[in-house]
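here is my input; please provide its structure:
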Amino acid sequence: MSRQGYRQSRVSKFTTKMQKKLLVLFMLVLMAFVGLSVRLFLITRDNGEEYKKQVLSQQEYDSKTIPFKRGNIVDANGTILAVSNKVYNVILDAKILLGDEAYLEPTLNALRTAFGIDTNAVREYLASHPTSSYYVLAKRLDYDKVAKFQEMKNDEENGANIKGIWFEDEYKREYPNGSLACDIIGFTRSDNAGQYGLEEYYNDVLCGTNGREYGYLNNDSNLERTTIPAVDGYNIQTTIDANIQSIVEKYLKEYNEEYKDNARPGNGAQNIGCIIMEVDTGNILAMASYPNYDLNDTRNTDSLIGMPQLDEKGKKTGEYLTKELIDEMDDETMYQHLDALWKNFCIVDTYEPGSVAKPFTVAGAIDCGAITGNESYNCEGFLHVGDYDIKCHQIYGDGYISVAQGIERSCNVVLMNVAFAMGQDKFVDYQHLFGFGLKTNIDLAGETRTVSMIYNKENIGPTELATNSFGQGFNATMIQMITGFCSLINGGYYYEPHMVSKIMTTDGATIENIEPRVLKQTISQSTSEKVVEYCNLVVTGENGTGKTARPAGYMIGGKTGTAETLPRGNNEYVVSFMGYAPADDPQIAIYVVVDRPNVVFQDDAKHATRIVRKVLTEVLPYLNIFMTEELSDEERAELEEMQMQITMQQNAAQEGEEGAEGSEAGSAEGTEGTGENGENPEGEDVNGETSGEADNAEEGELEETVDTDRWKEFPVDPETGYLKDPETGNLVDPETGTVVNGGSLISGGETSEDGLSEETPEDTEDEEEE
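Below you'll find the predicted structure:
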């Protein structure tokens, strides 16, 4: 056989043999692939979703919420009042941590070192929840602590086995200035929703929209991510000036420290409030009350000590909170008292305003033509109205005095006669025009509705008209009073009060400018000028009741108020001063209310005027309103002493100590009282019949019908330092002749207080502005 034939025979034999082997091998491989395919199909059909979830669960940040950042709140100068800072929650993934025994100890050691977490508690959780993928170990940690853990994890030598821990982003609301402007700002709950103040009112503006990051498997089983970014909330710029706000709060606190636990246990007053407002814009520069609270620690009960105790219905019991009473409270009672602390006294609480309402009565009467302002009336110490004798605060009488002098001396008899000249219909019309009974619609949450707390044309009678004329018998809020008062002194323009001037994006772009808004004209320009003239006399006049409100070097105007509270004759009063500066060109208005000062004799407006004096002494120079009056030696010494104390407070604040209290200075001049409300006797009409008819004789030719100065001859009571009427035993202020704690100012007939409550109403629905 040739060599070629041999080779062909070998190839043929090899090919046949191999073909058989390859066929067998091919069949085996084919069967294996078929079996695997069937198995894979069954797994995918029955357990595909479960395995997909397991794969996703082993990836960090596969699906998570991206939180929005709540907008900042800043003051008029850009000072941050509220800010949201990023914090981190520590999340445990038990499945990953237990995936390898080598992970457990290094991870637990890192948790203990970086965060101080109890590792025994973590072990117990791992034992009971070995398949958990999400468990919060610690909340709201700052970046420094997280960075320490990350540093340990990134260590190439020791951090490789730190597994199963990741961090969830969140934002924490913080208030850099603590309690500053707490009534204005409000705070946020744990769900990031605003509560009280600007935080609640502008919640929708400050809130943004959460984002989302999704992790999922694509068709090739690869993990892909889709991110929907969060949209941050807008920032708001307020009209508040943090420097003015801090000045106001400093002197409210100083007053409390001076008078707390004085005549009774508890704070220096049940409430103290102050508002400073731009006369020609409605911008609020400062709004504060005392007691206040720390916005970063809103449930700290220390701020409750000294406040009035409340019963289960929210009524004051007459007792005052102590640490022992607070410790015994259940959760519901505790929240009830905290809610009272968190409310803004300046817009929520109502009270009878007293004599600060007198300029409103005179303004309405002049504006409607009922009087000219040149009239004079005879004050004999009381006015007989129907079956009632309604006293003046000067029960010994003021004699014949003009309308201007009536405001200066705060004479109730003059104001009653002015109101009778108007008549009940016009009086009610002007009360409504000045905003009493209506919400101001200030942009703060919780403003009280007072429509049920004033009289209307159907239920006001002669006694109600008489007492309403000097601010008794109807209720108002501080914001209602100062907003209406600004219209009396700015030419008659009623501006809507507001707290926010601008809404901005996070990068500073302006979304909305909130401009001053004139809602109506209450009185004419000429009437406004007369009101300013009369109110200037309250501070500058020889018999003015507000002399102690004038800051050294400045001339201001205003009106004092002393309102008797319910029940009548309890010798408890709300004292106040509402003023403006400068006197010849009002730019800012200030209103201070002291609700039942903690002293034996409460009916003394100097408790309010002294606070006004101290506040304006610092605020006016800060606003570049220059002095116009020559300083006396006493005033120079006063200013030097105050400056020294301010410097001491600043130094103490820098050292972390409590600032020294400012000094109380100024003469103790001027006080007043007011009357109360009585019920209209049945069937009696308002006919204007009074015992003090108008007398238009020229000033200086009036003959007094009573000895108005006889109180000056009374002997001094050695126990109190007041003069004492030998006939009645009344104590009399030696400077003004006002009876101290003279009791109820209305006598005779049956009086009723139905419908007149000093408590805050529950109904706070929006009242339409007309």
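
for N536, helix, strand, or coil?
helix (DSSP: H, G, I helix; E, B strand; the rest coil).

contacts only, for it.
Listed by C-beta atoms under 8 Å, 6 or more residues apart in numbering, the contact partners of N536 are M555, G557, A583. From N, CA and C alone the C-beta is placed, and that goes for glycine too.

for I646, state which of the residues you listed is nearest.
Using C-beta to C-beta, M555 is the member of those that sits closest to I646, with 23.0 Å.

where do the strands of the stretch 451-600 of the chain begin and end?
Here the stretch 451-600 of the chain has its strands, by DSSP state E, counting those that start in this stretch, at 493-495, 500-504, 510-513, 518-521, 557-564, 573-581, 588-597.

moving C-terminal of the last one, what's the next helix or strand?
By that I understand strand 588-597. helix 606-622 (DSSP states H and E).

just how off-centre is that next one within its chain?
21 Å (C-alpha atoms, centre = their mean, to the nearest Å).

buried set for it?
Residues of helix 606-622 classed as buried by neighbour count (16 or more other C-beta atoms under 10 Å): 606-620.

closest to D75 among these?
So of these, ranked by how close each gets to D75 (C-beta to C-beta), first place is V619, at 14.7 Å.

surely the closest one touches I244?
Yes: contact status for V619 versus I244: in contact at 5.5 Å, counting by C-beta atoms under 8 Å.

between these two, which contacts overlap?
By C-beta under 8 Å, 6+ apart, V619 and I244 have these common neighbours: I276.

would you point out which residue is most central in this protein?
The centroid of the chain falls nearest to D183 when counting by C-alpha atoms, centre = their mean (2.0 Å).

ok, and the closest non-adjacent residue to that residue?
N344 (4.1 Å; C-beta to C-beta, 6 or more residues apart in numbering).

do S402 as well
Nearest one to S402, counting by C-beta to C-beta, 6+ apart, is S376 at 4.8 Å.

beta-bridge partners for that neighbour, please?
S402, D695 (DSSP bridges).

for the nearest residue to I326 once chain neighbours are set aside, the count of nearby residues, please.
Sequence neighbours aside, T301 is the residue nearest to I326 in space, at 5.0 Å (criterion: C-beta to C-beta, 6+ apart). Counted with other C-beta atoms under 10 Å, residues neighbouring T301 total 16.

what's near enough to touch T301?
For T301, counting by C-beta under 8 Å, 6+ apart, the contacting residues are I326, M334, L338.

burial count for the first one?
Each residue near I326 was counted by other C-beta under 10 Å, and the total is 17.

and E564, what pLDDT?
Reading off the confidence values, E564 has pLDDT 89.

okay, and the beta partners of it?
Using DSSP bridges, the beta-bridge partners of E564 come out as Y573.

next, work out how far apart it and Q472 are.
Here E564 is placed at a distance of 7 Å from Q472 (C-beta to C-beta, to the nearest Å).

which stretches in the stretch 301-450 of the chain count as helices?
For the stretch 301-450 of the chain, the helices defined by DSSP state H, counting those that start in this stretch cover 323-327, 331-342, 345-348, 358-368, 403-409, 412-422, 424-433.

which of those helices sits closest to G492?
Nearest of the helices of the stretch 301-450 of the chain (C-beta to C-beta): helix 358-368, 8.1 Å.

got the angle between that closest one and strand 557-564?
On the basis of axes from the mean of the first three to the mean of the last three C-alpha atoms, to 10 degrees, helix 358-368 is oriented at 120 degrees to strand 557-564.

other SSEs contacting helix 358-368?
helix 403-409, helix 412-422, helix 424-433, helix 462-469, helix 478-489, helix 525-540 (3 or more C-beta pairs under 8 Å, 6 or more residues apart in numbering; DSSP states H and E).

mind giving me CSV with these and columns for distance to V38?
As requested, these are arranged in CSV below (distance: least, C-beta to C-beta, whole Å):
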stretch, distance to V38
helix 403-409, 103
helix 412-422, 101
helix 424-433, 87
helix 462-469, 95
helix 478-489, 80
helix 525-540, 96
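
any idea how far F485 is from E157?
Distance of E157 to F485, computed by C-beta to C-beta: 74 Å.

follow-up on the earlier one: top of the contacts of N536 by neighbour count?
G557 (29 neighbours).

which strand residues bridge that one?
The residues that G557 bridges to, once DSSP bridges is applied, are Y580.

that one is in contact with C535, isn't it?
Yes: judged on C-beta under 8 Å, G557 makes contact with C535 at a distance of 4.1 Å.

which residues are common contacts for those two?
In contact with both G557 and C535: I489, G579, Y580, using C-beta under 8 Å, 6+ apart.

and the furthest pair within the buried residues of helix 606-622?
H607 and L620 (21.2 Å).

related to what we said a few turns ago, just the closest of the contacts of N536 to K95, please.
Once C-beta to C-beta is applied, the member of those that ends up nearest K95 is G557, at 75.0 Å.

in the stretch 201-350 of the chain, where is pLDDT below threshold?
In the predicted model, the stretch 201-350 of the chain carries pLDDT under 70 at residues 216-223.

kindly recompute the last result at 90.
Scanning the stretch 201-350 of the chain for pLDDT under 90 picks out the ranges 212-227, 312-314.

which stretches in it count as strands?
For the stretch 201-350 of the chain, the strands defined by DSSP E, counting those that start in this stretch occupy 211-217, 223-228, 235-238, 269-278, 284-290, 308-310, 316-320.

could you pick out the longest strand of the protein?
strand 80-92 (DSSP state E).

so which elements touch that one?
Using 3+ C-beta pairs under 8 Å, 6+ apart, strand 80-92 is in contact with strand 73-74, strand 135-141, helix 143-153, strand 165-174.

dump the ones you listed to CSV, plus distance to N210 and mean neighbour count.
Output for the helices and strands packed on strand 80-92, formatted as CSV (distance: least, C-beta to C-beta, whole Å; neighbours: other C-beta atoms under 10 Å):
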stretch, distance to N210, mean neighbour count
strand 73-74, 21, 24
strand 135-141, 17, 15
helix 143-153, 21, 15
strand 165-174, 11, 18
